[in-house]
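Q: model the following, please.
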Amino acid sequence: MDNVYGVYLGDDGTMLGDKRFDVDVDDAIIVGDVRYVGTPGLYELIFKRIPDDLVYTENDKLTYRNILLKTNAHKRDHKATMPVLGNKGHKYKYVIAPLLQSVKKVGAGRVPSAMRVTGNRIDYVHWDNPNELVDRL
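A: Sure, this is the predicted structure:
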């Protein structure tokens, strides 16, 4: 059972993110006012902490992405203004993060890609002769 990004019992009943979650008698998934076809793959993505990639399809992943964006289930406190609730878990690393990479993030406070911290080592060169350094300019 996924306790981070999955369904939980809130004050308003069964919730997924900030929207009500319900299952119809036809196994249709109802999130807020939107009805989704309940496939085994979609159930796997919503409920499992480590979903089996043999069960869900690309269509299930796109539907799950749509549900995440509508419910803010992937955000801190399930609020649209909060940052993504990332972690080192299997579901985030292999399902949610790849789905959300296509979501463009714009706005104030964005760090240019040249300033991002990476694991690459910096190769420092020590110059003994200042004339060699000036020649390189």
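
Q: switch to C-alpha atoms for all contacts and neighbour counts from now on
A: Noted.

Q: elements contacting the longest helix that the chain contains?
A: In the chain, with assignment by DSSP state H, the single longest helix is helix 58-71. Secondary-structure packing of helix 58-71 (3 or more C-alpha pairs under 8 Å, 6 or more residues apart in numbering; DSSP states H and E): helix 40-47, helix 97-100.

Q: change it to 10 Å
A: strand 13-16, strand 19-23, strand 29-31, strand 34-36, helix 40-47, helix 97-100 (3 or more C-alpha pairs under 10 Å, 6 or more residues apart in numbering; DSSP states H and E).

Q: which secondary structure elements does the lowest-mean-pLDDT helix or strand in the chain contact?
A: Lowest by mean pLDDT, DSSP states H and E among the helices and strands of the chain is helix 130-136, with a mean of 82. Helix 130-136 sits against no helix or strand, with contacts defined as 3+ C-alpha pairs under 10 Å, 6+ apart.

Q: kindly format the C-alpha coordinates of that helix as PDB.
A: What follows is helix 130-136, C-alpha atoms only, in PDB (Å, rounded to 0.1, in the frame of the first residue of the first chain):
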ATOM      1  CA  PRO A 130      51.100  33.900 -14.700                       C
ATOM      2  CA  ASN A 131      52.300  34.600 -18.300                       C
ATOM      3  CA  GLU A 132      50.900  31.200 -19.300                       C
ATOM      4  CA  LEU A 133      47.600  32.100 -17.700                       C
ATOM      5  CA  VAL A 134      47.600  35.400 -19.600                       C
ATOM      6  CA  ASP A 135      48.400  33.700 -22.800                       C
ATOM      7  CA  ARG A 136      45.300  31.400 -22.400                       C
END
